[in-house]
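Asker: Fold the following, please.
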Amino acid sequence: QVHVLESGGGLVQPGDSLRLSCVVSGLTFSRVTMGWFRQAPGKEREFVAGIMWVPRTTSYKDSLKGRFTISRDNAKNTVNLQMNSLNPEDTAVYYCAADASRRRRVSSDKSDYDYWGQGTQVTVSS
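Answerer: As a prediction, this is how the structure comes out:
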């Protein structure tokens, strides 16, 4: 059974940084592409960033490039999302997801991801 567990969310002020982590078990982590998505109240779940299994090609939502950084540690079955210069528009539930299809690209389509975590709330407010 596959488990995906996010952590690191919380309440921060505008301009702060936050690091989200996601631990995966029950599959060969080094062979899956990992993605982060987010969903704000009343909005569709949207792609934030993704990282391939090999090579560690990354992809980002265009508007987040330069502020968010995705990384992975295959030895720890972990994927991280470093978020800097946060603003209130970044407030959302952040989800970690695994694409086990071994496709040769990072997909931004949530329907391409097979396993999802329960999400972690990130609130940016003064």
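Asker: wait, doesn't Arg56 sit right on Arg72?
Answerer: Yes: using C-beta atoms under 8 Å, Arg56 is in contact with Arg72, at 6.6 Å. For glycine as for every other residue, the C-beta is placed from the backbone atoms N, C-alpha and C.
Asker: Of those two, which one has the most company?
Answerer: Neighbour comparison, Arg56 and Arg72: the larger count goes to Arg72, with 22 against 12 (by other C-beta atoms under 10 Å).
Asker: What is the burial count for Thr78?
Answerer: Around Thr78 there are 16 residues (other C-beta under 10 Å).
Asker: repeat for Ser59
Answerer: So Ser59, with other C-beta under 10 Å, has 19 neighbours.
Asker: Do you know the pLDDT at the most centrally placed residue in the chain?
Answerer: In the chain, the residue lying closest to the centroid (C-alpha atoms, centre = their mean) is Trp36, at 2.0 Å. Here, the pLDDT recorded for Trp36 equals 98.
Asker: what helices or strands is the helix or strand hosting it leaning on?
Answerer: Element membership of Trp36, judged by DSSP states H and E, is strand 33-39. Strand 33-39 is packed against strand 18-25, strand 46-51, strand 68-73, strand 78-83, strand 92-99, with contacts defined by 3 or more C-beta pairs under 8 Å, 6 or more residues apart in numbering; DSSP states H and E.
Asker: now what about it, what contacts it?
Answerer: 20, 22, 24, 45-53, 70, 72, 79, 81, 90, 92-99, 101-103, 106-108, 110, 113, 119, 122 (C-beta atoms under 8 Å, 6 or more residues apart in numbering).
Asker: Many thanks, we can stop here.
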